[in-house]
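Student: This is a predicted model, with the sequence first.
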Amino acid sequence: MIRYEPVIGLEVHAQIHTASKMFCGCPVVADTGDVPSNTAVCPVCTGMPGTLPVVNRRAVELTLLTCLALDCEVPPTARFARKSYFYPDLPKGYQISQHALPFGRDGFLEIETAAGPKRIRINNVHLEEDAGKLYHGAGGSRVDLNRAGVPLIEIVTEPDLRSVEEVRAYAAALHAVLVYLGVNGGEMERGVMRFEASVSVRPAGSDALNPRHEIKNLNSFRALADAVAYEIAAQVETLTHGGAVAQQTVGWDEARGVTYVQRSKEYAEDYRYFPEPDLPPVDVDRAWVAALRAQLPELPAARRERFTSDYGLSGYDAALLTADRAVADYYEAVVSAGGAPKAAANWITGELFRLMKETGQTIQTVHVSPQALAELIQLVETDVITLGSGKTVLAEMFAAGGSARQIVAARGLAQISDTNALEQVIARIVEENPEEVRQYLEGKEQILSWLMGQVMRATHGKANPQVVQRLLHVQLEARRQ
Amino acid sequence: MKLSREQVHHMAELAQLALDEEELTLYQEQLSAILEHFERLQNLDTAAIPPTATVLPLCSVMREDDPSVSLSLEDVLANAPEAEEGCFRVPAVLE
């Protein structure tokens, strides 16, 4: 049986978080349904005759920063182009995009794969405007143009991705870069990043580029991964049964988990691109590019590298902590406030992430300041409180803020290492559980941890576990005649 | 260069124009004449001339990222043939 490998290319669209739209001064408003429809629109973004677009400098700068972060070549002249098609969410009947002269081309982004790092080549990075939103209803559709004209960056790869895992890794790495640059806010809600994937399969090891299916409008990381996985399996199935894959544009039906044909090759897009006559070219001055390059922040890959070398973290922990710039900043604040680097990584990726996930909070909204977490880590590391009490303290700080020391004092959580006090508790537990003690002495040694649990409970989790274990062992052994 | 009937039909489709047979013939002739006129330019030697998309002496015209005030909803929808829930209403759009 022939083994097949997928050949996947991605187009990623990401909204650029500027204050105003790409070609007019209308504010960019959140796409959450809170802002009433058509209240952030003007004659330019509704496509009124006689209006003229003017380029938003900040959107261009963020696009250029992205080009530099992706190691793209930045040509000295960039130009906008008209892409013509008719759809009710596109008021002008064309989208202002870029074609022959984009802001960046021939770059790459490195991703981590099971086989080591891999470069995914970027064909081009260009800037365009978003379309409006359609709401489909009975007998008609409604058009909301609040989103029309919002700056949109499009990043197009070469067909270098070879698995769903690589697609996921690329999307996550690119998202991290955009967030680090401040192009994008970092929220993962639907629509902020949108994907189109072109997928074909070929016998493993072959160089062939077979007819591909272009999957349009994937609005989330999950939809992207699911749709690509579905297409790979479906195409392999077709080829295995002697069928052929035709070049097609397909849509993704999220509810049913299948793709469906939108357009076949005969109706391939004919966008009739031509230079946008309403916008003069942009001179991408070298001094401007140099100034922007100097503004580039430390990017996720470099920061991950530094976290492993400077803080001795595993690659896995470093990746978890650097995926989101705000989390990485938080981690470094905890360390500089005196939290031990490895312990800080464990507390953040373990308990803190768990609490955030349970309550739907982000690192920006948590009540636990980096200083408070650093203090908590010190209390645990110096045996003032047990790990278990530490978790209780963190949960309380997470719910209501406050300092670790105050909570420890207020709730009497300081660890009991006083052997006299603990010996009495242990003697009582041993006395009250003769059956378990008998089983232990008969060789059922796992009973020891149950008995330890009873002691910890009796001391409200404050007993030093090492001390308890030692004393318990002594008392039990003393009963062996 | 003479445009084929299929090419004219294709362009009409892209422009979302419904042309009848008579109009197809008319536009086929007119568009072909325009193309033939421009074909004369092909005889000129343009090897030394850079592709020119604009003749305006302008470059890098940009604005700062400052939001301004948008139109009132009443003004936005003033020209809409039909409106519903603050939106333009259009015939049902099917994928």
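Tutor: Looks like it arrived, so ask away. Residues are numbered from 1 along each chain as shown, chains lettered A, B, ... in the order given.
Student: what about the longest helix in chain B?
Tutor: If you go by DSSP state H, chain B has its longest helix at helix B:21-39.
Student: distance of residue A:229 from residue A:6?
Tutor: Look at residue A:229 and residue A:6: by Cβ to Cβ, to the nearest Å, they are 9 Å apart. For glycine as for every other residue, the C-beta is placed from the backbone atoms N, C-alpha and C.
Student: who's more crowded, these two?
Tutor: The neighbour comparison of residue A:229 against residue A:6 (other Cβ atoms under 10 Å in any protein chain shown) goes to residue A:6, with 23 against 16.
Student: That one falls within a helix, correct?
Tutor: No. Using DSSP: H, G, I helix; E, B strand; the rest coil, the assignment for residue A:6 is strand, not a helix.
Student: what's in contact with the helix or strand harbouring residue A:391?
Tutor: Following DSSP states H and E, one finds residue A:391 within helix A:387-400. Here helix A:387-400 makes contact (Cβ atoms under 8 Å, 6 or more residues apart in numbering or on different chains) with A:347, A:351-352, A:355, A:359, A:366-368, A:372-373, A:376-377, A:379-380, A:385, A:402-404, A:407-408, A:411, A:413, A:415, A:456, A:461-462.
Student: what do you get if the cut-off is 6 Å, keeping everything else the same?
Tutor: Applying Cβ atoms under 6 Å, 6 or more residues apart in numbering or on different chains, the external contacts of helix A:387-400 come out as A:351, A:355, A:368, A:372, A:376, A:380, A:404, A:407, A:413, A:461.
Student: and residue A:273, how many neighbours does it have?
Tutor: Look at residue A:273: counted by other Cβ under 10 Å, it has 15 neighbours.
Student: Same check on residue A:358?
Tutor: 10.
Student: got the buried residues for the strand or helix carrying it?
Tutor: Using DSSP H and E, the element containing residue A:358 is helix A:353-359. The neighbour-count check on helix A:353-359 (16 or more other Cβ atoms under 10 Å in any protein chain shown) flags A:355-356 as buried.
Student: same thing with stretch A:160-179?
Tutor: For stretch A:160-179, a neighbour-count test (16+ other Cβ under 10 Å) marks A:160-164, A:166-179 as buried.
Student: With stretch A:458-477 instead?
Tutor: Buried, per 16+ other Cβ under 10 Å, within stretch A:458-477: A:458-459, A:461-464, A:467-469, A:471-472, A:475-476.
Student: Stretch A:388-400 now?
Tutor: Residues of stretch A:388-400 classed as buried: A:388-398 (neighbour count, 16+ other Cβ under 10 Å).
Student: Closest to chain B out of these?
Tutor: Nearest to chain B among these is residue A:398, at 36.0 Å by Cβ to the nearest Cβ.
Student: what about residue A:256, how many residues close to it?
Tutor: Residues near residue A:256, counting by other Cβ under 10 Å: 8.
Student: Show residues contacting the helix or strand residue A:173 falls within.
Tutor: Secondary structure assigned from DSSP H and E places residue A:173 in helix A:164-181. Helix A:164-181 has contacts (Cβ under 6 Å, 6+ apart) with A:8, A:12, A:14, A:65, A:69, A:109, A:111, A:113, A:120, A:161, A:184, A:186, A:221, A:225, A:228-229, A:297, A:299-300, A:323, A:325.
Student: Now the buried members of those residues.
Tutor: A:8, A:12, A:14, A:65, A:69, A:109, A:111, A:113, A:120, A:161, A:184, A:186, A:221, A:225, A:228-229, A:299-300, A:323, A:325.
Student: can you list the residues of the stretch 101-250 of chain A near chain B?
Tutor: A:140-144 (Cβ under 6 Å from any Cβ of the partner chain).
Student: Okay, helices next: where are they in the stretch 351-481 of chain A?
Tutor: Remark: helices assigned in the stretch 351-481 of chain A by DSSP state H, counting those that start in this stretch are A:353-359, A:370-381, A:387-400, A:404-410, A:419-432, A:434-441, A:447-458, A:465-478.
Student: quick one on the thing from earlier: which members of the buried ones among the contacts of helix A:164-181 are positioned in strands?
Tutor: Judged by DSSP state E, the subset of these located in strands is A:8, A:12, A:14, A:109, A:111, A:113, A:120.
Student: Next, format the contacts of helix A:387-400 as TSV and append pLDDT and distance to chain B.
Tutor: Listed next are the contacts of helix A:387-400 as TSV, based on pLDDT from 0 to 100; distance: Cβ to the nearest Cβ, whole Å:
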residue	pLDDT	distance to chain B
A:351	94	40
A:355	94	36
A:368	93	34
A:372	93	36
A:376	92	41
A:380	88	46
A:404	85	42
A:407	84	44
A:413	72	50
A:461	80	53
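Student: Closest one of those to residue A:19?
Tutor: Nearest to residue A:19, judged by Cβ to Cβ, of the contacts of helix A:387-400 is residue A:368 at 30.8 Å.
Student: Got phi/psi on the closest one?
Tutor: Per-residue torsions, residue A:368: phi -80, psi 110 (degrees, to the nearest 10).
Student: Without its sequence neighbours, what residue ends up closest to it?
Tutor: Sequence neighbours aside, residue A:397 is the residue nearest to residue A:368 in space, at 4.8 Å (criterion: Cβ to Cβ, 6 or more residues apart in numbering or on different chains).
Student: rewinding a little: just the ones in strands from the residues of the stretch 101-250 of chain A next to chain B, please.
Tutor: Judged by DSSP E, these include A:140-144 as members of strands.
Student: what's the spacing between the longest helix of chain B and its chain's center?
Tutor: Put simply, helix B:21-39 sits 18 Å off its chain's centre (Cα atoms, centre = their mean, to the nearest Å).
Student: That helix - contacts with which helices or strands?
Tutor: Packing partners of helix B:21-39 (3 or more Cβ pairs under 6 Å, 6 or more residues apart in numbering or on different chains; DSSP states H and E): helix B:5-14.
Student: what's the angle from the helix it packs on to helix B:21-39?
Tutor: 100 degrees (axes from the mean of the first three to the mean of the last three Cα atoms, to 10 degrees).
Student: Helix or strand with the lowest mean pLDDT in the chain?
Tutor: Using chain A here. When each helix and strand of chain A is scored by mean pLDDT, DSSP states H and E, strand A:258-264 comes last, with a mean of 80.
Student: ok, back up a step: can you go through the ones in strands among the residues of the stretch 101-250 of chain A next to chain B and name the buried ones?
Tutor: A:141-144.
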